[in-house]
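Q: can't give you the sequence, but here's the structure:
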């Protein structure tokens, strides 16, 4: 995918993965170095994709048993409230109160995995473990030692529901099945989006003149992945034959033909995206369900301010964004963030004092707030 920044290259790939419900990972080509140098090697891409596949497979498994888990958590809470051997009539009365939310603030004692002293559990790289990994390690420890490592903690009933839900889900989910499903998802449907591919590309007249560890060597290391190879991960070997690789770049200072010929041959489909027009920017501001204008309206509602952006204001924002991109620097759709922030700057700071007001922003307000940006043309480009 070839096109200037801000035209939606990454978003296209991300939406594609979402529609296909496929494991997706976005990586920056510049973050990798060739084998033998300090830094990430390209095999880490597949390992990260596998982690995304594990997360997706676990989410699907949790969705499948959602109702079963809800019932088990409800019974567990009733056991804590009235005891497992209580008479049915009393239990049903508490069940009704529980479902209506009248017992949310009741204090109960819940058995949870024992916390290690010294703060959150960390992995070897200093990253905090997700909750489900902690619970999985806890379950393995219980199985190996034969004695549960739990502690009783007093908390409100509403705070205990997410913890009990997580514990019950992990008990019902088979980790081996999750891994098998994840391997299948990654190998058959995985999508890897390699951004900034042009930054590891050397101009043909400069090729071989530099010893950059994140340039031509990385292209060579990518070749086996794209062609199809086995990559070892902690969840098993992954075959990359059917993984979809999408690369993108602006190619301002080089051409796609400056990539290694072998890499070009392994990515035969080439698409060129044009810069966004004023009409495109207007659509971005109006058509998406959670567009920038609606976000600002919703944000002001939290302060009690009724904000309206009339159509002339939206059109002016699109027009100014187009002009600034043309005359100053083309950053595509990201320019709209700058304009919205400039327009809302004063109102954002004074919104708490203007609760109850109805504010309508017009074309003149946009021009007054943002017009100065359009005048800051970079004259250096005209100097010989």
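A: Perfect, I can see it now. None of the values given here were measured: they were computed from a predicted structure.

Q: Identify the residues contacting residue 80.
A: For residue 80, the contact set (C-beta atoms under 8 Å, 6 or more residues apart in numbering) comprises 108, 109, 110. (Glycine included, C-beta is placed from N, CA and C.)

Q: Which residue ranges of the stretch 51-200 of the chain form helices?
A: For the stretch 51-200 of the chain, the helices defined by DSSP state H, counting those that start in this stretch occupy 66-82, 88-100, 131-145, 157-172, 175-189.

Q: comparing the ones you listed, which gets the lowest mean pLDDT score?
A: Ranked by mean pLDDT, the helices of the stretch 51-200 of the chain bottom out at helix 131-145, with a mean of 54.

Q: could you point out where this protein is predicted with low confidence?
A: For the chain, applying pLDDT under 70 flags the ranges 35-39, 84-86, 115-148, 203-215, 375-384.

Q: can I see the domain layout of it?
A: The chain breaks down into these domains under automatic domain parsing: 9-35+180-266, 66-172, 278-372.

Q: In TSV: the ones you listed, plus distance to residue 60.
A: Output for the domains of the chain, formatted as TSV (distance: least, C-beta to C-beta, whole Å):
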stretch	distance to residue 60
domain 9-35+180-266	7
domain 66-172	11
domain 278-372	24
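
Q: Of the ones you listed, which is nearest residue 58?
A: Minimum separation from residue 58 across the domains of the chain (C-beta to C-beta) falls at domain 66-172, 7.1 Å.

Q: Mind listing what's buried along stretch 78-90?
A: For stretch 78-90, the neighbour count (16 or more other C-beta atoms under 10 Å) marks 78, 80, 81 as buried.

Q: I'd like to know how many residues surround the residue lying closest to the last one once chain neighbours are set aside.
A: Okay, so that is residue 81. Spatial nearest neighbour of residue 81, excluding adjacent residues (C-beta to C-beta, 6 or more residues apart in numbering): residue 94 at 5.4 Å. The tally of other residues near residue 94 (other C-beta atoms under 10 Å) stands at 16.

Q: rewinding a little: for residue 42, find the nearest of the domains of the chain.
A: domain 9-35+180-266 (4.5 Å).

Q: Tell me the span between the first and last residue of the closest one.
A: From its first residue to its last, domain 9-35+180-266 covers 20 Å (C-alpha to C-alpha, to the nearest Å).

Q: Roughly how far does residue 40 sit from residue 341?
A: 33 Å (C-beta to C-beta, to the nearest Å).

Q: These two: which has the busier surroundings?
A: Legend: neighbour count by other C-beta under 10 Å for residue 40 and residue 341, higher for residue 40 (17 against 14).
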